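> model this:
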Amino acid sequence: MTSTLPPARLHHIGVQTFDLDNSLAWYRDFLGCRPTWTAETFSDLTVSRLPGVSRITEIVTDGIRLHLIERTGRERRHGPEDRVQFQHLCIAVDSPEDLRAKLALWHELYASGAYEFLRTDPPTEIVTDAEGVRSFYCFDVNGLEIEFTYLPTTYLPTDDLPESA
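Modelled structure (predicted):
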């Protein structure tokens, strides 16, 4: 028996942080995000899933929606952690120039000293794969990895590949 699943779409990505104000400022200045709402009271379910949750703020820009989740009472560490977290978030840009501009902006914001970064690793250089896809990787102020990518018009996503015979 074959069933048809309803289409699924990404709604948001939750990012845990020790410092919501620092994260808000960085995502505003780096991605142009703006807050849409903030919650400071939570259901029993939310508190059981996120012990120590103190604030959640939704931020959005150009079809990207992030929920910044501030949790208190946890140890703040600099450097790699030994627990599982998402591997990375990938954000597409419209041109190679946009990719270079985003890389330059990361360096500018880091050098400003206005933000506290849990990881001080610099972004990677922009690399180009065999299909012409260009990307670089960087860390946000919370130590979470973000990939920025440019997909050329000649790039054919897997969903659009013809079926093999």
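
> Residue 109 and residue 129, how far apart?
In this view, residue 109 and residue 129 are 27 Å apart by C-beta to C-beta, to the nearest Å. For every residue, glycine as well, the C-beta is placed using N, CA and C.

> let me fix that: residue 26
Counting by C-beta to C-beta, the gap from residue 26 to residue 129 is 28 Å.

> quick one, which of these two is more surrounded?
A direct count of neighbours by other C-beta atoms under 10 Å for residue 26 and residue 129 places residue 26 higher, at 24 against 10.

> ok, for that one, nearest residue in space, not its chain neighbours?
Once flanking residues are discounted, residue 26 sits nearest to residue 141: 4.5 Å by C-beta to C-beta, 6 or more residues apart in numbering.

> That neighbour and residue 114 touch, don't they?
No: with contact defined as C-beta atoms under 8 Å, residue 141 does not count as touching residue 114 (10.1 Å).

> Assign a three-state SS to residue 27, would you?
With DSSP: H, G, I helix; E, B strand; the rest coil as the basis, residue 27 sits in helix.

> list the contacts for it?
33, 59, 66, 68, 140 (C-beta atoms under 8 Å, 6 or more residues apart in numbering).

> Which of those residues ranks first by neighbour count?
residue 68 (26 neighbours).

> Show me how the chain divides into domains.
9-74, 87-158 (automatic domain parsing).

> In TSV, list those domains along with mean pLDDT.
Shown next, in TSV, are the domains of the chain (pLDDT from 0 to 100):
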stretch	mean pLDDT
domain 9-74	89
domain 87-158	89
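
> So which bits of stretch 111-129 are buried?
115, 117, 118, 119, 123, 126 (16 or more other C-beta atoms under 10 Å).

> Dump it to CSV, restricted to CA.
C-alpha atoms of stretch 111-129 as CSV (Å, rounded to 0.1, in the frame of the first residue of the first chain):
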residue,chain,number,x,y,z
ALA,A,111,36.8,42.6,14.1
SER,A,112,34.4,45.2,15.6
GLY,A,113,34.7,43.6,19.0
ALA,A,114,30.9,44.2,19.5
TYR,A,115,30.1,40.5,19.9
GLU,A,116,31.3,37.7,22.2
PHE,A,117,32.0,34.6,20.2
LEU,A,118,32.1,31.2,21.8
ARG,A,119,34.4,30.0,19.0
THR,A,120,37.0,32.2,17.5
ASP,A,121,37.6,30.1,14.4
PRO,A,122,37.7,32.3,11.3
PRO,A,123,35.4,31.5,8.4
THR,A,124,36.7,29.2,5.7
GLU,A,125,37.7,30.6,2.3
ILE,A,126,35.1,30.3,-0.5
VAL,A,127,35.5,27.0,-2.2
THR,A,128,34.0,25.8,-5.5
ASP,A,129,33.0,22.2,-6.1
